[in-house]
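>>> Have a look; sequence and predicted model below, questions after that.
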Amino acid sequence: MRRITPRLVTAAICFALGVSASAIYRVYSLPEVSTLAEPVSASLPVGPSCFPGLSITIPEKRSQALLEGVPRSDDEYCNQLEIDWYSNTLKIMNEGSLCTRSSQEESYRFLWLRSFDNPIAIRVQRVGLHRLVVVKELDLSPEHGLAGSLKTFSFPLSEEEWNLFMRKLELACFWQMPTPNELMMCDGAEWIMEGRREGRFHVVDRQSPDEGSYRDACLYLLRVSQVLKTIPQVRIY
């Protein structure tokens, strides 16, 4: 047998070390495997976990009266005073009761009554695949109060925008929120949200909410309707 020379042994060892190093490098240099999250479709329905909550059933003989049968406080005088104030503003804006609208319609209305600025009402509604935003702003007259000019416009609402609003209402647990306004101040703004769904009605009244999901839902309607573009930050109260 031939004797293996030292050079050959050294070469074999170097080769083996090279192969091993190459294998180790490949193993540790492989990219990490990541699981792709399934994209969430904007068309996914929102589960009504807070519905029907504290909402009331709309009677078969639906009244034309606005905000009827929804107590706001234990004080009957203050309760009626607020209802008259809100209802009168909506009447001047040619906004009827949500309870008298089509039974096939799901609709929400945000009424923004600020002490020193024009009243604004934003209604969003859905019937089947058709979604609509209706915006109304009452230009206050210094001489005649609410008897000012009415600005109104409407446009279609996308499915994604509708679903995002539904998610914001769900985060706020709108249907389970008590109606009465717990905070009473001389100045400020009333943030009133009405909802009509599956034959039920609910309304929430809050005064100048500083933060929270309810405020976010109301601000979203102001944003999606392009109203916020014309309102300075200091006028959002």
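Structure's in. What do you need? Residues are numbered from 1 along each chain as shown.

>>> I'd like to know how far residue 179 sits from residue 218.
Computed as Cβ to Cβ, to the nearest Å, the residue 179 to residue 218 distance reads 15 Å. C-beta coordinates here come from the backbone N, C-alpha and C atoms, glycine included.

>>> try residue 96
From residue 96 to residue 218 the distance is 21 Å (Cβ to Cβ).

>>> Compare those two (neighbour count), which wins?
Counted by other Cβ atoms under 10 Å, residue 96 and residue 218 do not tie: residue 218 has more neighbours, with 22 against 12.

>>> same question for whichever strand or helix holds the more buried one, mean pLDDT?
According to DSSP states H and E, residue 218 maps onto helix 213-224. Averaging the model's pLDDT scores along helix 213-224 yields 97.

>>> With stretch 88-96 instead?
Stretch 88-96 shows a mean pLDDT of 92.

>>> Quick one: find the helix or strand in this structure with the lowest mean pLDDT.
helix 6-29 (a mean of 45; mean pLDDT, DSSP states H and E).

>>> shaky segments in the chain?
1-48, 62-79, 81, 141-147, 183-185 (pLDDT under 70).

>>> Tell me how it divides into domains.
Annotated domains of the chain cover 1-30, 56-235 [automatic domain parsing].

>>> Tell me which of the ones you listed sits most buried.
Comparing the domains of the chain by mean neighbour count (mean count of other Cβ atoms under 10 Å), domain 56-235 comes out on top with a mean of 16.
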